[in-house]
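**Q** just coords:
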Ligand code: SAH
């Protein structure tokens with residue numbers, strides 16, 4: 001029998017009855033040094049104890065599975081074994097190495113424990129009384145870019161965020177970066193709870209504001225959990241002793257007059273500007289905040305904001321590439337009244353400029369496509385060959401048009417800049433990569449995504465920039 005047991009944050013009286021019972025009947029107890037030392041008083045003398053170092057999780061899981069045939073093995077994990085703990089890994093290992101075990105040979109159970117979030121929340125007050133999310137800042141197993149993307153989405157959403165693994169001896173920058181991201185989206189005074197060694201020796205509980213959080217960076221470590229409040233989070237009691245996130249009872253029962261007054265004032269502001277203007281300003285502001293965490297120059301930033309705004313999709317930023325200063329070059333082209341060539345009519349009609357050409361519906365494109373057995377959009381691009389020298393080419397939709405453009409570039413045709421955001425599972429990503437390998441300045445949405453709205457957003461922002469030159 002293999003029991004994967006969450007032992008809670010540390011204090012023995014916070015172990016569940018079931019966890020204690022399994023430990024009392026264990027033949028073998030496996031865990032890392034820290035967890036074993038927390039529970040050593042209740043490990044029966046006859047039980048064999050196997051301690052392993054932090055970081056040996058895979059080995060520990062494998063050993064526990066192997067030993068559990070015919071013996072009561074307890075694998076201990078801090079807090080809850082299923083929350084950044086051993087339970088997931090053991091199930092994966094069983095599935096991977098001995099799939100028949102998952103249902104038959106090994107009897108497997110997972111016993112929940114009090115996780116750091118709930119232990120810390122109880123010490124702070126009730127910060128998790130409304131919706132919340134949990135993020136680990138450890139990038140040992142997850143690429144930092146992915147973590148950062150989650151942080152940006154969560155920081156934008158009005159939700160309480162609990163941070164696990166905020167910092168370690170070798171990882172200091174992550175919490176600083178997370179703080180910068182939250183500062184972009186949340187008020188300076190947002191309450192933040194910092195709990196170190198919850199329910200263990202050396203327990204420290206602090207409540208501060210988002211702006212003041214850096215003062216604690218020196219003491220934030222592997223045993224710290226951080227709770228970042230939402231707009232519903234407040235400090236209550238003398239000296240703001242408790243951190244509480246309101247659930248909304250105050251709204252329903254109207255006992256909070258001050259908040260209601262603030263809400264009304266906010267509503268008045270919204271009513272005073274026209275409805276569409278208010279929406280536009282708010283979405284622009286959101287796009288600006290999202291892009292502000294990226295390292296672009298000023299012009300690039302404006303183009304990036306426009307793409308995020310047009311698609312309402314921050315994740316596109318990950319795929320956006322500016323190759324060889326395309327924006328200045330493109331704006332200069334527009335100022336010099338150079339032509340713009342597009343792959344499809346929809347892209348053409350979205351561009352706010354007089355010299356835009358698209359040959360997809362030209363009868364010559366139909367003939368060329370039939371004769372050469374190529375797509376009509378590719379034929380349209382081939383027909384524009386002379387027009388595109390020193391001009392701008394915008395491929396917003398068609399991968400085959402982009403492939404054709406890449407072939408023309410290979411043959412020495414040199415547009416001044418290329419905007420390439422074609423979409424599709426077949427050939428789009430490859431064609432765009434080929435454009436990026438060329439020496440033509442380009443704005444590209446890499447991979448399979450992109451589309452007409454992105455292409456139009458890019459070129460229209462370039463057109464606006466050209467008016468300022
Ligand atoms: N399975 C554990 C979490 C493991 S990840 C659980 O459910 O609690 C390790 C992280 O959990 C630490 O970096 C820290 O952020 C948090 N943590 C674990 N124990 C803690 C404690 N006693 N006090 C504060 N934070 C703790």
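**A** All right, it came through fine. In this text, all values refer to a predicted model and were calculated from it rather than measured experimentally.
**Q** CA only for contacts and neighbour counts going forward, please
**A** Fine.
**Q** Tell me which residues touch the closest residue to residue 211 other than its chain neighbours, please.
**A** With sequence-adjacent residues excluded and distances taken as Cα to Cα, 6 or more residues apart in numbering, residue 211 is closest to residue 188, at 4.8 Å. For residue 188, the contact set (Cα atoms under 8 Å, 6 or more residues apart in numbering) comprises 209, 210, 211.
**Q** Pick the one among the residues you listed closest to the ligand.
**A** Set against the ligand, the nearest of the contacts of residue 188 by Cα to the nearest ligand atom is residue 210 (17.7 Å).
**Q** Count the neighbours of the closest one for me.
**A** By other Cα atoms under 10 Å, 21 other residues sit near residue 210.
**Q** Next one: it, what pLDDT does it get?
**A** Note on residue 210: pLDDT of 95.
**Q** wait, it sits on residue 189?
**A** Yes - with contact defined as Cα atoms under 8 Å, residue 210 reaches residue 189; the gap is 5.9 Å.
**Q** Show me what residue of the stretch 301-450 of the chain gets nearest to the ligand.
**A** Counting by Cα to the nearest ligand atom, the stretch 301-450 of the chain gets nearest the ligand through residue 315, at 26.7 Å.
**Q** Now for that residue: which residues touch it?
**A** Residue 315 touches residue 149, counting by Cα under 8 Å, 6+ apart.
**Q** who's in contact with the lengthiest helix in the chain?
**A** For the chain, the longest helix by residue count, based on DSSP state H, is helix 275-292. The contact list for helix 275-292, computed with Cα under 8 Å, 6+ apart, reads 152, 184-185, 270, 301, 304-306, 308-309, 312, 314, 317.
**Q** Check stretch 134-151 too.
**A** Residues from elsewhere that reach stretch 134-151, judged by Cα under 8 Å, 6+ apart: 161-167, 174-175, 178, 181-182, 315.
**Q** between those residues, which is nearest residue 37?
**A** Closest approach between the contacts of stretch 134-151 and residue 37, by Cα to Cα: residue 165, at 20.5 Å.
**Q** and that closest one, backbone torsions?
**A** Dihedral angles phi and psi of residue 165 (degrees, to the nearest 10) take the values phi 50, psi 50.
**Q** likewise residue 229?
**A** Torsion angles at residue 229 (phi, psi; degrees, to the nearest 10) stand at phi -70, psi 170.
**Q** Spatially nearest residue to it (excluding sequence neighbours)?
**A** Going by Cα to Cα, 6+ apart, residue 229 has residue 160 as its nearest residue, at 4.8 Å.
**Q** so the one you found bridges to which residues?
**A** Beta-bridge pairing for residue 160 (DSSP bridges): residue 132.
**Q** now the end-to-end length of stretch 198-209.
**A** 20 Å (Cα to Cα, to the nearest Å).
**Q** re earlier: among the contacts of helix 275-292, which pair sits farthest apart?
**A** 270 and 317 (29.7 Å).
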